[in-house]
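K.L.:
what follows is a predicted protein model with its sequence.
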Amino acid sequence: MDFTPLSLINSLFGFSYTKTPRTQTAQILTGQPQWLSPDSWDAYNVYITTPQLYAVIQRRGYLLASGVWKHYKSDKFGNVLEVTDSPVVKLLENPNPLVNGNDHIRQWNENKCIYGNNYEYILRGLPTSFPQGLTNLPAAQMQINVSGKWYAQTTIEGIITGYEFLDGSGVKFQTNEINQTRYVSSKNPVKGESPMTSLFMPISNIRGAYGFRNVIINRKGALGILSNQSKDQSGSIPLTEKERQRLNDEYQRLYGIEEGQMHTIMTNTSLNWQPMTFPTKDLMLFEEINDDFLTIIDAYGLNANIFSRQTGSTYENLSEGIKQAYQSTIIPEAEELAMNRSQLFGLISKGEWLELDYSHISVLQENEREKAEVLEKKANAMKTLSELGIYEVDDLKQIINL
């Protein structure tokens, strides 16, 4: 019988043991980290298979898409009027046959959050005619063709000569056929930088922690070793093959949690149990994932209270988290998108503009009610003081800050 260490390991665990490669051993000994490389990763695959990243980008998209498009104009007296039956709003609500307006915004958000850029194809009958459709193109397959003249240019055509679809079709687009929006990068003036680039370390740690947990759950091997402790004058007495087989058969057949099975082993043989498991809580894997999750939430401008977590969140925390997300991130980004749309449709020069309106959101309505209550209290205080005849109306407005 072969009693080498390798054969003993094989017999104990029932599989062929493979030594750790020397490169991996060196990394373990030296503590060298292993990260996903943003230069070589498939960004969409990383996004779609990292649950925390996916949850944040998806939630962000749904919040952004919850707005309602409104078209406004200003009359000669400076009054703001809403444009009814606006063709611009109709197009934004149904931009193309494949998606509705909400899904179009979610696509826009997804492309920007993953790739840092969104390329929107503008379908026109004639170069100067009103757009007939808007379609978000796959950002990963778009190439920006540039003139190399970054400065001293008065038009975008002087900087970007066109766009190309790198799917093998050879489809090219004129500069005015693509509405490009991006996260501005100081490194590249024409192409945005993906927020995921700065998150490669927490994303790597999340995937590493999940991978480690998967190995523990699915490839843990034996739960422990049941070894013989019997001794004589010469030392330990090894179990015979027949006795070992008998113990194994009894363990499988007689003991367990099912009806008719025993929960305690009773035997004349002196045995010792050595567990082969390790408590995952001591590895701090859950804490690591939670810390990295918070980093991703912060990077995309949302609030941790609007996501499911191990610790419970109260309604007040949830409500405040949603308000914070809208006020600090969603509404400012919606204003940028609305300005982009206003310029795209040539509304600014006509004294018109677009807005994504979120006033119908219940948690934001609570803020409006609070403002109205404060305003009412100030008005009542002003009325009371004015009736006393001590202050002039203009003085009262300054005192009450009305």
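P.N.:
That came through fine.

K.L.:
mind listing the helices for the stretch 101-250 of the chain?
P.N.:
Remark: helices assigned in the stretch 101-250 of the chain by DSSP state H, counting those that start in this stretch are 101-115, 200-218, 241-254.

K.L.:
of all these, which lies closest to residue 284?
P.N.:
Checking these against residue 284 by Cβ to Cβ gives helix 200-218 as the closest, at 9.0 Å. Where C-beta positions appear, they are placed from N, C-alpha and C, glycine not excepted.

K.L.:
remind me what the closest one packs against, helices and strands.
P.N.:
Counting by 3 or more Cβ pairs under 8 Å, 6 or more residues apart in numbering; DSSP states H and E, the packing neighbours recorded for helix 200-218 are helix 51-65, helix 285-299.

K.L.:
save those as CSV, and put in mean pLDDT and mean neighbour count too.
P.N.:
Below are the helices and strands packed on helix 200-218 laid out as CSV (pLDDT from 0 to 100; neighbours: other Cβ atoms under 10 Å):
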stretch, mean pLDDT, mean neighbour count
helix 51-65, 97, 19
helix 285-299, 92, 17
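
K.L.:
make TSV out of those and add distance to residue 189.
P.N.:
Output for those, formatted as TSV (distance: least, Cβ to Cβ, whole Å):
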stretch	distance to residue 189
helix 51-65	25
helix 285-299	22
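
K.L.:
next, residue 73: phi, psi?
P.N.:
phi -150, psi 160 (degrees, to the nearest 10).

K.L.:
quick one: it from residue 254, how far?
P.N.:
To residue 254, residue 73 is 85 Å away according to Cβ to Cβ, to the nearest Å.

K.L.:
neighbour count winner among these two?
P.N.:
With neighbours defined as other Cβ atoms under 10 Å, residue 73 and residue 254 compare such that residue 73 has more, 15 against 12.

K.L.:
domain map for the chain?
P.N.:
Listed domain ranges for the chain are 1-32, 34-86+197-220+282-360, 117-193, 224-275, 362-402 (source: automatic domain parsing).

K.L.:
quick check, residue 305 in a strand?
P.N.:
No. Residue 305 is assigned helix when assessed by DSSP: H, G, I helix; E, B strand; the rest coil, not a strand.

K.L.:
that one contacts residue 315, correct?
P.N.:
No. Residue 305 lies out of contact with residue 315 (Cβ atoms under 8 Å); the separation is 10.1 Å.

K.L.:
looking at those two, which is more packed in?
P.N.:
Taking other Cβ under 10 Å, residue 305 and residue 315 do not tie; residue 305 has more neighbours (18 against 7).

K.L.:
got the confidence number for that one?
P.N.:
pLDDT, residue 305: 92.

K.L.:
now it: closest residue in space that isn't a chain neighbour?
P.N.:
Excluding the flanking residues, the one nearest residue 305 by Cβ to Cβ, 6 or more residues apart in numbering is residue 321, at 3.1 Å.

K.L.:
tell me how far that neighbour lies from residue 364.
P.N.:
The gap separating residue 321 from residue 364 is 13 Å, by Cβ to Cβ.

K.L.:
of those two, who's got more company?
P.N.:
More crowded of residue 321 and residue 364, by other Cβ under 10 Å: residue 321, with 19 against 16.

K.L.:
wait, isn't that one in contact with residue 315?
P.N.:
No. Contact criterion Cβ under 8 Å: residue 321 and residue 315 do not qualify, at 10.5 Å.

K.L.:
could you say which of the helices of the stretch 101-250 of the chain is packed most deeply?
P.N.:
Neighbour counts averaged per stretch over the helices of the stretch 101-250 of the chain are highest for helix 101-115, at a mean of 21; criterion: mean count of other Cβ atoms under 10 Å.

K.L.:
now the angle from that one to helix 51-65?
P.N.:
Here helix 101-115 points in a direction 140 degrees away from that of helix 51-65 (axes from the mean of the first three to the mean of the last three Cα atoms, to 10 degrees).

K.L.:
which helices and strands does helix 101-115 pack with?
P.N.:
Using 3+ Cβ pairs under 8 Å, 6+ apart: helix 101-115 touches helix 43-49, helix 51-65, helix 87-93, strand 117-123, strand 133-137, strand 178-182.

K.L.:
okay, and the beta partners of residue 180?
P.N.:
In this entry, residue 180 is beta-bridged to residue 119, by DSSP bridges.

K.L.:
one step back: now the domains of the chain in CSV, with distance to residue 97?
P.N.:
Formatted as CSV, the domains of the chain follow (distance: least, Cβ to Cβ, whole Å):
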stretch, distance to residue 97
domain 1-32, 51
domain 34-86+197-220+282-360, 18
domain 117-193, 8
domain 224-275, 57
domain 362-402, 32
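
K.L.:
for residue 108, which of those domains is the nearest?
P.N.:
Smallest distance to residue 108 across the domains of the chain (Cβ to Cβ): 5.0 Å, for domain 117-193.

K.L.:
distance from that closest one to the middle of the chain?
P.N.:
26 Å (Cα atoms, centre = their mean, to the nearest Å).

K.L.:
end-to-end on that domain?
P.N.:
8 Å (Cα to Cα, to the nearest Å).

K.L.:
quick check: mean pLDDT across it?
P.N.:
Computed over domain 117-193, the mean pLDDT rounds to 93.

K.L.:
that's all I had, so thanks and see you.
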